[in-house]
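1. Return atomic coordinates for the entry below.
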Amino acid sequence: MQSGLFKYRLRCAAFLSATICSRMTNRYTRLLELSPGPHEPTAQCGLQAQSALKAAWSVAAHYLSSNATAETISAIALAVFEAFSGHIVCKDCLDQRSKAVVNVVEKWDEIVLLPFNVSNATSNSA
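-> Predicted coordinates:
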């Protein structure tokens, strides 16, 4: 009887793990859509020049969403966004990028840790 219960729990854990991973990846993809906002135009960087940051963000977000798994750590997102926007020289654009990356990294860490916090809370209450 114990082996049957163990197998059942193993199947349930595998299903829940796959479901949680899928949901996490979907949340991450939606999170990546939060691109950096524009800054006030300057003599060196107008709205047209700022479109380069938006394009770089979109390409990096597409790359990450195509390759994201539940094991994707926030440091990878940081490295990818920095790599894809390495050609940006405007300090204001880079500040906007940094703010957006910090937002993505913080929220991604929350998404990744949420299943563990929920499982810890339920196991602590039992």
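2. what residues does stretch 76-90 touch?
-> For stretch 76-90, the external contacting residues (CB atoms under 8 Å, 6 or more residues apart in numbering) are 42, 44-45, 49-50, 52-53, 56-57, 59-60, 63-64, 94, 97, 100-101, 104-105, 108. Any C-beta I mention is one placed from the backbone N, CA and C, and that applies to glycine too.
3. same thing but at 6 Å, please
-> With contact meaning CB atoms under 6 Å, 6 or more residues apart in numbering, stretch 76-90 is reached by 45, 53, 56, 59-60, 64, 94, 97, 101, 104.
4. pLDDT added to those, as JSON lines?
-> Below are the contacts of stretch 76-90 laid out as JSON lines (pLDDT from 0 to 100):
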{"residue": "Cys45", "pLDDT": "92"}
{"residue": "Leu53", "pLDDT": "92"}
{"residue": "Ala56", "pLDDT": "93"}
{"residue": "Val59", "pLDDT": "93"}
{"residue": "Ala60", "pLDDT": "92"}
{"residue": "Leu64", "pLDDT": "86"}
{"residue": "Leu94", "pLDDT": "93"}
{"residue": "Arg97", "pLDDT": "92"}
{"residue": "Val101", "pLDDT": "89"}
{"residue": "Val104", "pLDDT": "85"}
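5. between those, which has the most around it?
-> Leu53 (26 neighbours; other CB atoms under 10 Å).
6. where does this protein dip in pLDDT?
-> For the chain, applying pLDDT under 70 flags the ranges 1-18, 20-21, 69-71, 111-126.
7. let's go with 90 and repeat that
-> 1-35, 37, 44, 47-49, 62, 64-79, 86, 101-126 (pLDDT under 90).
8. Please, where are all the helices along it?
-> Taking DSSP state H, the helices of the chain run over residues 2-32, 47-67, 74-84, 91-125.
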